[in-house]
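Visitor: One predicted model, sequence on top.
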Amino acid sequence: MQHACDNWFVAFFEGALVLLIMVRIVKSMRGSIPFIRRIPGLNAIDEAIGRATEMGKPILMIPGILGLDIVSLQALNVFTHVTRTAARFATPIRMCVCDATLYTISQEVIQDAYQAEGKPELYDPDSVRFLSDQQFAFAASVAGLIQREQVAATFFLGSFFAESLIFAEVANSVGAIQVAGTVMTTQTPFFIAACDYVIIGDEFYAASAYLSKEPVATGSLVGQDYAKLLLTFFIVLGSIIYTVTGYAGGPQVPLIHELFADGGWTALLHSIRHLF
Amino acid sequence: MHNWEIAQGNSIWLALAGVLLVTFIVIGLLTKLPVTLRRPLLSFLVFVSGLFYALEYFLPTHMVLDHGVQVPENFLTDLIPNIINPLAQDLSALLFGLGLFSLMRIHFNNVVRQRSGWVNSLALLISTLSMMVFGFWSRANLHHPRWVDQVYHHLFDGVYQNMDAAMFSLIAFFILSASYRAFRIRSFEASILMTSALIVLLGLSFGGVITDKVPDYGLWSNFRIETWSSWILNIISSPGLRAIDFGVGLGGLAMGLRIWLGIEKGALFGD
C-alpha cells in the first residue's frame, strides 16, 4: 500500500489538484457556468439513434469489460442519455455487460431511464444482458449478437482491451454507425481505425458535462483544465531543471526526478544544498 | 489468510446458510426503504468508504514485519486484506449468481419457445451446466472418481481454452481489415498516418536493410530508417499518449471526487 508519508510532495500535489477542481465546482454551483466546446463524438449520439430508429433495428451499448468503477459509471451516465433518447422513439436497445456487479446496476439504470421518459412499459428486462465474465467468451457473444440482431448503432464506452477490435470490426461488417470512447490509450487507435466517431482521452469524462450541461459536471471540467495547466507548469519547470542541472555540470540526477522519488522533499533539500 | 476464516467440515455449510440468510434479510430491508431514503443512504455509504481509503492513505504509518519484509502500515491498513477485500469478493460472488441466473433465463426461454437459433441456446445451457457440475465435483469434493478430473480437464483445457485462443487469434485478421481502411489515402491526415505507420513498421521489422549502407554513427545515423522509426515512437507518439493519460487521470480524479462528496448527478445518483 502507498501512503502520503512515503512522498509528501506527491500528496501535496494531489491536494492542489483537488483544490483547483473543487474551487471551479463551487464557482459553477454559484452560477458561473462555463462554455464547453463541441465534441463531435458526442454530437453523433443523436445521429446514431436516429439512424437506428429509421431502420427499426436495435442500438447496442457496451460499458467496457471491467467491473464497477469510475469508468463504467461514466459510461452508464452516457448510456442513460442514449436510452432516454431511444425511449422517446421506442427504439429497441441492447446492453451487454461482462461483470455481474455492473449487470445489476445497469438494469436499474436502464429501467430508471425508461421511467424518467414516462415509458416504463417499453423496458424489456432482457435488453440488459450478462453474457460472460471471460474476455473472449464475452467478445464471441457480442459478435454473435451483432450479427444475429443486425444492430444499427453501437456505443462502446468504457475500459476495453484486445476485444475492442472484434466488436468494432464485426459491427462495421453489418454497417452499424459506431461511437466509441475509451480511457485505454492502447485501444484508442483500434477504435479510430474501425469506428465512425471516437471520444479520445479525457473527452470521455467530459461526456456527462457536455450532455447534461449540469453545473457541477461543467465546473469540474473547467477545474480539470486548471489542473492540466498546473501539470503543464511542472512539466515545463521539470524540463528546464533537467536541462540546467542534468546537462550543465550540475548533479547527475535531475532535481525533479528526486522530487518524485521516495523521500521527496528531503532529496530536494539535499540537492539544493549540493548545488550551492 | 484472513481473520474471518472458518473451520472446514459441516460448519462451513452452516456458516454459508447463515451468511445467505443475513444477506437476503439485508437486501429485503433495503428494498423496503423509501426511494427518497435510498440515495442519501447510498451517498453516505460511498462517503464513508471513500473516507476510509483517504484516511488510510494520509494517516502516519509505522513499519511492520510482514512475511519477512518491513512494510509501512497504520491501524486501518490491516482492515483492507482482512475485511474489505473478502467483503468485496463475497458481494461479487453473490452478484455473479444473479448474472448467471439472467443468462440462463434468457436462453432457457429461447429453448422452450423454440426461437430462432434455439439450438445455440441449448448448447450454451448444456455447456454451462456441464462445466458447473464437473467443476464443482472435481474441485469441491476431494473423494471423487478419477474420470471426473479427466472430463473436467477435457472440457476446460481441451475445449474452452482452445476456443478462447481461437477468438484471440481472430484479432489478427481484424487488424488487417481495419488498418486497410484506416490507411487508404483519402485525405492529408490519412497520408501522414500512412507514411508514419510505414516508417514505424519498416523500422521495427526488416526495413533496416534499406538503409543498411548508411553508417550508424555521427550525423549519418539520422538517415537510418530505425532512427526515424524510434523518433516517431519516442518523440511524437509517447508524449501524445502521456498527455492523454494525464487527461484521463485528472478526469478520473474529478469524477471520483464528485462521487465521493455526493455531488455527482446522472446514472445512479439522481438528476
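Guide: Cool, got the structure. For clarity, every value in this text was computed on a predicted model and none was experimentally measured.
Visitor: how about the strands in the stretch 51-200 of chain B?
Guide: Counting by DSSP state E, counting those that start in this stretch, the stretch 51-200 of chain B has strands at residues B:62-66, B:69-73.
Visitor: tell me the most buried of those?
Guide: Most buried of the strands of the stretch 51-200 of chain B, by mean neighbour count (mean count of other CB atoms under 10 Å in any protein chain shown): strand B:69-73, with a mean of 12. In short, each C-beta sits where N, CA and C put it, glycine included.
Visitor: quick check: angle from it to strand B:62-66?
Guide: 140 degrees (axes from the mean of the first three to the mean of the last three CA atoms, to 10 degrees).
Visitor: Can I get strand B:69-73 in CSV? Just the C-alpha atoms.
Guide: What follows is strand B:69-73 as a C-alpha-only set of coordinates in CSV (Å, rounded to 0.1, in the frame of the first residue of the first chain):
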residue,chain,number,x,y,z
VAL,B,69,9.5,-7.7,4.8
GLN,B,70,9.3,-4.4,6.6
VAL,B,71,6.1,-2.6,5.3
PRO,B,72,4.6,0.7,6.3
GLU,B,73,1.1,0.4,8.0
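Visitor: Summarise which helices and strands it is packed against.
Guide: On a contact count with 3 or more CB pairs under 8 Å, 6 or more residues apart in numbering or on different chains; DSSP states H and E, strand B:69-73 meets strand B:62-66.
Visitor: List the residue ranges of the stretch 151-271 of chain B that fall below the pLDDT cut-off.
Guide: By pLDDT under 70, the weakly predicted segments of the stretch 151-271 of chain B are B:185, B:267, B:269-271.
Visitor: separation between the closest residue to chain A within the stretch 101-250 of chain B and B:A172?
Guide: For the stretch 101-250 of chain B, the residue closest to chain A is B:G247, as judged by CB to the nearest CB, at 3.2 Å. Distance, B:G247 to B:A172, using CB to CB, to the nearest Å: 31 Å.
Visitor: Those two - which one has more neighbours?
Guide: B:G247 (23 against 9; other CB atoms under 10 Å in any protein chain shown).
Visitor: Go ahead and confirm the more buried one touches A:F204.
Guide: No: assessed by CB atoms under 8 Å, B:G247 is found out of contact with A:F204, at 9.1 Å.
Visitor: Would you agree A:F156 falls within a strand?
Guide: Yes: using DSSP: H, G, I helix; E, B strand; the rest coil, the secondary structure at A:F156 is a strand.
Visitor: What is the burial count for it?
Guide: By other CB under 10 Å, 28 other residues sit near A:F156.
Visitor: ok, back up a step: could you measure from the residue of the stretch 101-250 of chain B closest to chain A over to A:T218?
Guide: Taking CB to CB as the measure, B:G247 falls 16 Å from A:T218.
Visitor: so what does the one helix or strand A:L73 maps to touch, helix or strand wise?
Guide: Following DSSP states H and E, one finds A:L73 within helix A:70-88. Packing partners of helix A:70-88 (3+ CB pairs under 8 Å, 6+ apart): helix A:40-55, strand A:59-62, strand A:93-97, helix A:100-116, strand A:153-158, helix A:203-212, helix B:238-260.
Visitor: Look at the most far-flung residue of chain B relative to its centre and tell me its secondary structure.
Guide: In chain B, the greatest distance from the average C-alpha position (CA atoms, centre = their mean) is reached by B:K213, at 47.6 Å. State at B:K213, reduced to three classes by three-state DSSP: coil.
Visitor: Equivalent analysis for A:F160, please.
Guide: Three-state call for A:F160 (three-state DSSP): coil.
Visitor: For it, give me its contacts.
Guide: A:F160 sits next to A:G64, A:I65, A:F167, A:T182, A:M184, A:Q187, A:F191 when contact means CB atoms under 8 Å, 6 or more residues apart in numbering or on different chains.
Visitor: one step back: CSV please, covering the helices and strands packed on helix A:70-88 and showing distance to B:T77.
Guide: Below are the helices and strands packed on helix A:70-88 laid out as CSV (distance: least, CB to CB, whole Å):
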stretch, distance to B:T77
helix A:40-55, 41
strand A:59-62, 36
strand A:93-97, 33
helix A:100-116, 25
strand A:153-158, 31
helix A:203-212, 30
helix B:238-260, 20
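Visitor: Which among the ones you listed is found nearest to B:L202?
Guide: B:L202 sits nearest to helix B:238-260 of all the helices and strands packed on helix A:70-88, at 19.1 Å, using CB to CB.
Visitor: which helices and strands does that closest one pack with?
Guide: helix A:8-29, helix A:70-88, helix A:203-212, helix A:215-247, helix B:35-58.
Visitor: Quick one: closest of the ones you listed to A:I110.
Guide: For the helices and strands packed on helix B:238-260, distance to A:I110 was read as CB to CB. The smallest value, 5.5 Å, belongs to helix A:70-88.
Visitor: from the chain's centre, how far out does the closest one sit?
Guide: Averaged C-alpha coordinates place helix A:70-88 at 13 Å from its chain's average position (CA atoms, centre = their mean, to the nearest Å).
Visitor: who's in contact with B:L59?
Guide: Going by CB under 8 Å, 6+ apart, B:L59 touches A:H3, B:N74, B:F75, B:L76.
Visitor: how close does it get to B:I126?
Guide: 53 Å.
Visitor: What of B:D157?
Guide: B:D157 is 19 Å from B:I126, by CB to CB.
Visitor: go on, B:S49?
Guide: Distance, B:S49 to B:I126, using CB to CB: 41 Å.
Visitor: just to revisit the earlier point, top of the contacts of A:F160 by neighbour count?
Guide: A:F167 (28 neighbours).
Visitor: So for B:R139, which of the strands of the stretch 51-200 of chain B sits nearest?
Guide: B:R139 lies closest to strand B:62-66 among those, at 29.4 Å (CB to CB).
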